[in-house]
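Novice: give the three-dimensional model of this entry:
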Amino acid sequence: MGFEPPVTHFSAVTSAIFIYLLALLFCYVLYRLSRIFLPEFLQDYVIDFFKTLAFCTYCFGHGVVRNAHGHLGYVLCVVPLNTASVLLFNLGDGTPLSAWSKYLRGLLPTGKFLLKVSAQIMAGFCAWELGHFILGLDFHPSFAEKINQKAHCNSDLRIAALAGFFLEGTGVAYDFWMNQQTLSTYRPLDIALKFTNTAIIVCFGRIYILNV
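Specialist: Sure thing, here's the model as predicted:
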């Protein structure tokens with residue numbers, strides 16, 4: 001009978017921090033290298049890609065924290081993490097809404113807008129794979145279960161799809177409007193306040209739309 005070493009797991013918060021750090025370091029290093037080595041005409045799209053990839057991959061850590069510590073734990077993690085990330089990834093757009101806003105204001109030509117959004121969509125798909133790769137490191141007991149669910153991505157929607165679409169669209173529109181405001185002249189505080197607003201909207205959405 002062979003010897004099997006005990007498996008060491010970490011707490012939910014520590015495991016989530018590992019996810020955040022690995023995603024941040026991986027994306028930030030490549031983000032910086034792309035700014036140094038890539039030709040200028042490619043930099044905008046690659047920077048958008050890695051910035052979006054980081055934010056999307058963070059969601060794997062958010063889920064671990066939320067399951068263990070509820071909505072308050074989620075808010076306490078997401079606000080400082082996203083605030084620090086925006087300050088670190090100081091160039092590029094991390095969401096199609098930013099590119100859309102610039103396009104509507106005439107700051108982006110159509111071709112560049114479509115390429116930027118395409119890069120961000122690709123980053124979203126890649127975040128799925130990167131997140132599951134990190135889960136494979138098995139920092140927390142829940143990671144194995146999440147990997148087993150990889151092929152079964154079912155909706156948790158608890159209301160009619162049309163109503164859910166309307167409510168989510170309203171929340172996104174409000175959050176987008178809030179992000180265009182200036183809540184503080186001190187930029188880190190301004191960013192943190194806006195992410196707090198976003199996190200609260202997400203929590204209300206999970207409570208009233210998903211019932212979780």
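Novice: what's the following helix or strand after the helix or strand of the chain with the lowest mean pLDDT?
Specialist: Within the chain, confidence by mean pLDDT, DSSP states H and E is lowest for helix 142-148 among all helices and strands, at a mean of 70. On the C-terminal side of helix 142-148, the closest following helix or strand by DSSP states H and E is helix 161-179.
Novice: for that next one, name the packing helices and strands.
Specialist: Judged by 3 or more Cβ pairs under 8 Å, 6 or more residues apart in numbering; DSSP states H and E, the packing partners of helix 161-179 are helix 96-104, helix 187-208. Just so you know, the C-beta spots here come from the backbone N, C-alpha and C atoms, and that holds for glycine as well.
Novice: who wins for proximity to H62 among those?
Specialist: helix 187-208 (8.8 Å; Cβ to Cβ).
Novice: next, the angle from the closest one to helix 161-179.
Specialist: In terms of direction (axes from the mean of the first three to the mean of the last three Cα atoms, to 10 degrees), helix 187-208 departs from helix 161-179 by 170 degrees.
Novice: which residues belonging to helix 187-208 are considered buried?
Specialist: By neighbour count with 16 or more other Cβ atoms under 10 Å, helix 187-208 contains the buried residues 190-199, 201-203, 205.
Novice: what do you get for stretch 175-182?
Specialist: D175, N179.
Novice: pLDDT (mean, whole number) over it?
Specialist: The pLDDT scores in stretch 175-182 average 90.
Novice: output it as CSV, nothing but the C-alphas.
Specialist: Extracted in CSV, the C-alpha atoms of stretch 175-182 (Å, rounded to 0.1, in the frame of the first residue of the first chain):
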residue,chain,number,x,y,z
ASP,A,175,-23.3,51.5,-13.0
PHE,A,176,-21.9,52.9,-16.3
TRP,A,177,-23.5,56.3,-15.6
MET,A,178,-22.0,56.3,-12.1
ASN,A,179,-18.6,55.5,-13.4
GLN,A,180,-18.7,58.7,-15.6
GLN,A,181,-19.2,60.8,-12.5
THR,A,182,-16.5,62.3,-10.3
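Novice: contacts for that stretch next, please.
Specialist: Residues outside stretch 175-182 that contact it (Cβ atoms under 8 Å, 6 or more residues apart in numbering): L97, S101, D190, K194, N197, T198, I201.
Novice: repeat that with 6 Å
Specialist: L97, K194, N197, T198, I201 (Cβ atoms under 6 Å, 6 or more residues apart in numbering).
Novice: that one: how far from the chain's middle?
Specialist: Relative to the chain's own centre, stretch 175-182 is displaced by 18 Å; criterion: Cα atoms, centre = their mean, to the nearest Å.
Novice: likewise stretch 66-82?
Specialist: Relative to its parent chain, stretch 66-82 has a centroid offset of 13 Å by Cα atoms, centre = their mean.
Novice: now swap in stretch 40-51 and tell me
Specialist: Distance, centroid of stretch 40-51 to centroid of chain: 17 Å (Cα atoms, centre = their mean).
Novice: residues in contact with it?
Specialist: So stretch 40-51 is contacted by 27, 30-31, 34, 38, 89, 91-94, 115-116, 119-120, 123 (Cβ under 6 Å, 6+ apart).
Novice: what's the helix or strand for the nearest residue to Y31 once chain neighbours are set aside?
Specialist: Using Cβ to Cβ, 6 or more residues apart in numbering and skipping the chain neighbours, the partner closest in space to Y31 is F50 (4.2 Å). Using DSSP H and E, F50 falls within helix 40-88.
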